[in-house]
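Novice: fold the following, please.
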Amino acid sequence: MKHPYFSLLIIVFLYNCEKQKTFDYPETNNIVESITNFDITYTNNFSNLENFKSEESKNWFTIQDSIAEQYFLNNPKYGELKEHHESLYYREYDYAYDLKYDENSNVYFLTYIYEGDNPILNLIKKSTLTNTEKSIYKSINYKDGTYDIEYYKPSYDGSKLALAFGKEDVFFNEIVILDTSTGKIVGNPILNTKPNKAGGIIWSPDNESILFIKYPDLNNENSDRNSYTAYVNTNSNEHKTIPIFKNKSNNLNFSEEYYPVPVFRSEQSNYLFTYIGNASNHWDCYYITADDFFSNNLNWKLLFQEQDQVLYDYGIEKDHKYYYKRINNNVLELCYTNLKNPDFKNPIVIYKSSGGEQLQNFKVTSGGIYFSVSNNGVSEKLYKANDDGFKKKIPLPKVTGEISFDFRSPYQSDLWVNLSSWSANPFRYKVQEDTLILDKLGMLAEYPEFDNIVTEIIEVESHDGELVPLSIIKNKDFKKTNNTKAIITAYGAYGFLEKPWFHPSIADFVKSGNIYVTAHVRGGGEKGPDWHEQGMKSLKENSWKDLINCSEFLLQNSFVDKGNLALNVNSAGGIAGAMAVNSRPDLYKVFTGFLPSLNPIRIESMKDFDDSDNIFEFGTVKEEQSYKDLLKMDPVVNFSSGIKYPSTYIIIGFNDYLVPPSDGGKLIALLQSSTENHEKPYLLDVKINAEHDIDWLEDYSRMLFFTINELDREY
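Specialist: Numbers count the residues shown, from 1 in each chain. Now for the predicted structure:
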């Protein structure tokens, strides 16, 4: 049943959209709740939107999506911009992606082929010895042809592949086993899995079993709680799922929201590890020997826990040595300990971070220990070390914003590094005798038109004297004009670094004479663990105050004029971004968000949403100080109808399992209902079948069009 205002609304909206003068928003029922904890009360406006699956709420979200759609579809300039972005985005040729390796000199990758106008995923196996390749499976061949390969993993010997198939509007995946010699699927599908979300698929050292995270077979098929580690013997067509690490069994006890991640890394692995995944920096880890796994002796032993300060990045075992990252006295270190007599209090330290030079990624091969070090999170160096701590710097062929690694095994020498920057696609190199040799497999399209783009790194003094790194992406010969536009972005949560990455649509925006700016605010990890802690819980306001100071810096130092600055955020960055807008709406003419967290105080009250992320990073309503912290940082609770907000465009996924649709819905409802004249657009783009995912083409095209269009409008 359609909302009673629906037909009239669209007709009126179409008329007004053509004139681009006013916007007509639907009347929205606002059921207000007063919530009290610890004798402190806040107002929960539009509480009815939290029941987003009700018929009334669904209709409201549908209408909002229609309004957003018409904003774009009624303007031919949007079609022109999107077509231009498509020409950049699809420039790739012979594009191989999601490369993976076995331990038998083969590489695997996905690519698209076309049958008519329909793109089909094609899985390729290539021998690096003979340089020959063959197609081993096409996604269209699975069931009715509507599924895509969302994850895959080859066995170590290359004889089998585990494929996870998914389709639109279906939460879980189906894992199947493929015989690579025949290209045929063997046995029954394995249901209720989601390896791309967490844990992946792991092969046992004998190449006979796969391990993965399994979810209970419940009537609510979208529930990802109470997950457990399981394995399936691939030699049996029945593919019976056997739990091996499960809450409340084998003396194990962990939260129903956590997920146990299994890890073997090689045919030569001596141990099976299971990490208790959650939103904190430190995960507990249990282990058994490989022999115990094969004999079904599941006597799990605790390897390390939170007080050992081991970082959640999965460690690497080689020859009974366990290599890992830890935080020691607020310093990031690369260490190892001997698993025959593990000592996490007194490990061997290979590298210790210092100042702006922070340890990032690492891999262990038969040739040595390779690791990357970042400078304020915006440029990286590559080093090689040995167990004694001797290290040497490996020269890079270009200035690099981020280094990532691929390898076959800790017991083989093959290592590849991917070098990323703001102005070009990542370049992939194989490390040979400590020299980087360009590997053209998976080589992405080149964009010589962006060669003039550079990054200027500035440190901006924040409200308390801290220096906040600011990455300004601009043309080498940049000069501000009256038409110069700027987009600033920030994240500032979970200790994540906002590293340089290439997006042709953003590069094209910069090439046109504009600037794209990343504020590396506190809450991220750009300056180490302390930088993260300074933007958590009671100190969360540092995140948006850093963002405000960086925004002011741009306006005060001839980078952009007032009225030409926009703010874009995503996911947990929505807290810092929206609170910056609440505090200083005069700074930004446009505010956009991809799946932004905007109402964190409510997530513990929302059924089926994972609140463990919020509790670790932002706090819980069950503790008084933490409750006060959440009140202070919640953008919806702190919304003020008495101020003029910028033009706003929010994209949400209706099946998002991390950020409730009501977060974006409430903010847009508040904006629409609090303004008397409807000159500005306050738009909610609802992706009905989407989860917590960004469409790198369409979402960015819409964000950029909305931003450019609204910065050019006069009010």
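Novice: could you pull out the helices for this structure?
Specialist: 6-19, 55-73, 76-89, 290-294, 504-511, 529-533, 541-556, 573-583, 612-617, 624-633, 661-674, 698-712 (DSSP state H).
Novice: lowest average pLDDT across the ones you listed?
Specialist: With a mean of 38, helix 6-19 has the lowest mean pLDDT of those.
Novice: sorry, back to before: pick the most buried one from the helices of the chain.
Specialist: Mean neighbour count (mean count of other Cβ atoms under 10 Å) peaks for helix 573-583 among the helices of the chain, with a mean of 27. The way it works is simple: take the backbone N, C-alpha and C, and place the C-beta from them, glycine included.
Novice: okay, it in PDB with CA atoms only?
Specialist: The C-alpha coordinates for helix 573-583 follow below in PDB (Å, rounded to 0.1, in the frame of the first residue of the first chain):
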ATOM      1  CA  GLY A 573      33.100   9.000  10.500                       C
ATOM      2  CA  GLY A 574      29.500  10.300  10.600                       C
ATOM      3  CA  ILE A 575      29.800  11.100  14.300                       C
ATOM      4  CA  ALA A 576      32.800  13.400  13.800                       C
ATOM      5  CA  GLY A 577      31.300  14.900  10.600                       C
ATOM      6  CA  ALA A 578      27.800  15.500  11.800                       C
ATOM      7  CA  MET A 579      28.900  16.900  15.200                       C
ATOM      8  CA  ALA A 580      31.200  19.300  13.300                       C
ATOM      9  CA  VAL A 581      28.100  20.400  11.300                       C
ATOM     10  CA  ASN A 582      26.100  20.700  14.600                       C
ATOM     11  CA  SER A 583      28.800  22.800  16.100                       C
END
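Novice: quick one: that helix to helix 661-674, angle?
Specialist: 20 degrees (axes from the mean of the first three to the mean of the last three Cα atoms, to 10 degrees).
Novice: from the middle of its chain, how far away would helix 573-583 be?
Specialist: 19 Å (Cα atoms, centre = their mean, to the nearest Å).
Novice: elements contacting it?
Specialist: helix 541-556, strand 565-570, strand 590-594 (3 or more Cβ pairs under 8 Å, 6 or more residues apart in numbering; DSSP states H and E).
Novice: could you dump those to CSV with distance to Thr62?
Specialist: Below are the helices and strands packed on helix 573-583 laid out as CSV (distance: least, Cβ to Cβ, whole Å):
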stretch, distance to Thr62
helix 541-556, 32
strand 565-570, 24
strand 590-594, 20
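Novice: Pro189: which of those is closest?
Specialist: strand 590-594 (32.5 Å; Cβ to Cβ).
Novice: show me what the closest one packs onto, helices and strands only.
Specialist: With contacts defined as 3+ Cβ pairs under 8 Å, 6+ apart, the packing partners of strand 590-594 are strand 565-570, helix 573-583, strand 647-653, helix 698-712.
Novice: how much does that strand deviate in direction from strand 565-570?
Specialist: Orientation note: strand 590-594 sits at an angle of 10 degrees relative to strand 565-570 (the same axes, to 10 degrees).
Novice: returning to what we had before: same list, the helices of the chain, but as CSV with distance to Ile348 please.
Specialist: Below are the helices of the chain laid out as CSV (distance: least, Cβ to Cβ, whole Å):
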stretch, distance to Ile348
helix 6-19, 65
helix 55-73, 55
helix 76-89, 46
helix 290-294, 24
helix 504-511, 42
helix 529-533, 21
helix 541-556, 35
helix 573-583, 37
helix 612-617, 29
helix 624-633, 38
helix 661-674, 46
helix 698-712, 45
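Novice: for the stretch 451-600 of the chain, which spans come out with low pLDDT?
Specialist: Across the stretch 451-600 of the chain, nothing is flagged by pLDDT under 70.
Novice: please name the nearest non-neighbouring residue to Val569.
Specialist: Gly577 (3.3 Å; Cβ to Cβ, 6 or more residues apart in numbering).
Novice: quick one, what contacts that neighbour?
Specialist: Thr489, Ala490, Trp544, Leu547, Leu567, Asn568, Val569, Phe591, Gly593, Pro596 (Cβ atoms under 8 Å, 6 or more residues apart in numbering).
Novice: can you lay out these as CSV showing distance to Thr146?
Specialist: Shown next, in CSV, are the contacts of Gly577 (distance: Cβ to Cβ, whole Å):
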residue, distance to Thr146
Thr489, 35
Ala490, 38
Trp544, 43
Leu547, 42
Leu567, 38
Asn568, 33
Val569, 34
Phe591, 37
Gly593, 31
Pro596, 31
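Novice: make sure Tyr700 is actually in contact with Trp501.
Specialist: No: the criterion here is Cβ atoms under 8 Å, and Tyr700 misses it with Trp501 at 11.9 Å.
Novice: ok, which stretches of the stretch 351-500 of the chain are strands?
Specialist: Secondary structure of the stretch 351-500 of the chain (DSSP state E, counting those that start in this stretch): strands located at 357-365, 368-375, 379-385, 391-394, 402-407, 415-420, 427-432, 435-438, 453-461, 467-475, 486-489.
Novice: you'd agree Val417 is up against Leu436?
Specialist: Yes: under the criterion of Cβ under 8 Å, Val417 makes contact with Leu436 at 6.6 Å.
Novice: higher neighbour count, those two?
Specialist: Remark: of Val417 and Leu436, Val417 carries more neighbours, 25 against 20, as counted by other Cβ atoms under 10 Å.
Novice: can you pull the contacts of that one?
Specialist: Val417 touches Tyr370, Leu382, Ile403, Ser404, Phe405, Asp406, Arg428, Tyr429, Val431, Leu436, counting by Cβ under 8 Å, 6+ apart.
Novice: again with Lys381
Specialist: Ser372, Val373, Asn375, Lys393, Leu396.
Novice: partners of the residue nearest to the fourth one when sequence neighbours are not counted in the sheet?
Specialist: In other words, Lys393. Spatial nearest neighbour of Lys393, excluding adjacent residues (Cβ to Cβ, 6+ apart): Tyr383 at 5.6 Å. When assigned by DSSP bridges, Tyr383 has beta-bridge partners Phe371, Lys393.
Novice: for Tyr383, give its distance to Tyr370.
Specialist: Per Cβ to Cβ, to the nearest Å, Tyr383 is found 7 Å from Tyr370.
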